[in-house]
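**Q** structure here, sequence nowhere to be found:
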C-alpha cells in the first residue's frame, strides 16, 4: 500500500502541475513588419532620339543692273536671279525697260566681268544653251519674267555671278545687237 500511496501522490502532484509553477514566458516582441515591397517594373527602354531635322536648303540671289548702251532710248532695269538648292534659277526683274519696243529679246550671259563702253568688253557669250534666256516684251509690261531656267547656276564652278548680262534684240531667233548691259553680282544668300 505504501507503494500505492506514493504512486497516487505522484500522480496527484503531476496532475496539479507538479507543485512548481512554470515561470511565465516573457512576452515576445512582435516581429518587425517588413516594409511593403513595391513592385518593381523594368524601366522602359529610353526612346531613341529623333534624328535632327535636315538643314534648310541653301538659297542664292544675284542681280544685274542693266544700263542702256549708247543710242538706245530705253530706261535701264535690274534683272534678278534666285535659286534654291536643287532647283533651277528663276529670272525676273525689278523694274522694266521703259521705252523698249514690243517683240522678242534675249538676256545673254557673257564671259567677262565688266561691260565696258556699250557692252564692248562683255566678252563672248557663255556657250551653254541656258546662257541665252529669251523673253517677249509687250505693251504694258512692268517686269521681265523669264521664269525657271535650267542649266544656269548661282553657286559653284558654273556660277554666272561675276559675269556680265547683256540684253540683245532678236535677229531671226538669235541674239542681235546689244541694247543694255550690266555685271551680275551676288545679292546675298
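**A** In hand now; what should we look at? These figures come from a predicted structure and were not determined experimentally.
**Q** starting at the chain centroid, how far to the longest strand anywhere in the chain?
**A** Counting by DSSP state E, the longest strand found in the chain is strand 174-186. Computed by C-alpha atoms, centre = their mean, to the nearest Å, the separation of strand 174-186 from the middle of its chain amounts to 34 Å.
**Q** what of stretch 165-184?
**A** That offset, for stretch 165-184, works out to 37 Å (C-alpha atoms, centre = their mean).
**Q** what's in contact with it?
**A** Residues outside stretch 165-184 that contact it (C-beta atoms under 8 Å, 6 or more residues apart in numbering): 62-69, 72, 74, 76-79, 81, 97, 100, 103-110, 113-115, 118-119, 122, 125, 132, 134, 160-164. The C-beta positions use only the backbone N, C-alpha and C, and glycine is treated the same way.
**Q** now do the end-to-end distance for that stretch.
**A** 6 Å (C-alpha to C-alpha, to the nearest Å).
**Q** and it, which residues are buried?
**A** Buried residues in stretch 165-184, defined by neighbour count with 16 or more other C-beta atoms under 10 Å: 165-169, 175, 178-184.
**Q** again, but for stretch 82-101
**A** Those buried within stretch 82-101 under the rule 16+ other C-beta under 10 Å are 82, 83, 89, 90, 91, 93, 95, 96, 97, 100.
**Q** for stretch 145-161, same thing?
**A** 146, 149, 152, 153, 154, 155, 159, 160, 161.
**Q** wait, which of the residues you listed is closest to residue 50?
**A** Set against residue 50, the nearest of the buried residues of stretch 145-161 by C-beta to C-beta is residue 155 (30.0 Å).
**Q** who touches the host helix or strand of residue 78?
**A** Following DSSP states H and E, one finds residue 78 within strand 77-84. Applying C-beta under 8 Å, 6+ apart, the contact partners of strand 77-84 are 57-66, 89-97, 107, 144, 152-155, 160, 165, 180, 182, 184, 187.
**Q** from residue 82, how far out is the residue sitting nearest the centre point of the chain?
**A** Centre of the chain computed as the mean C-alpha position; nearest residue by C-alpha atoms, centre = their mean is residue 56, 1.3 Å away. Residue 56 sits 15 Å away from residue 82, going by C-beta to C-beta, to the nearest Å.
**Q** report the lowest-confidence entry in the buried residues of stretch 145-161.
**A** When the buried residues of stretch 145-161 are compared on pLDDT, residue 152 comes out lowest, with 86.
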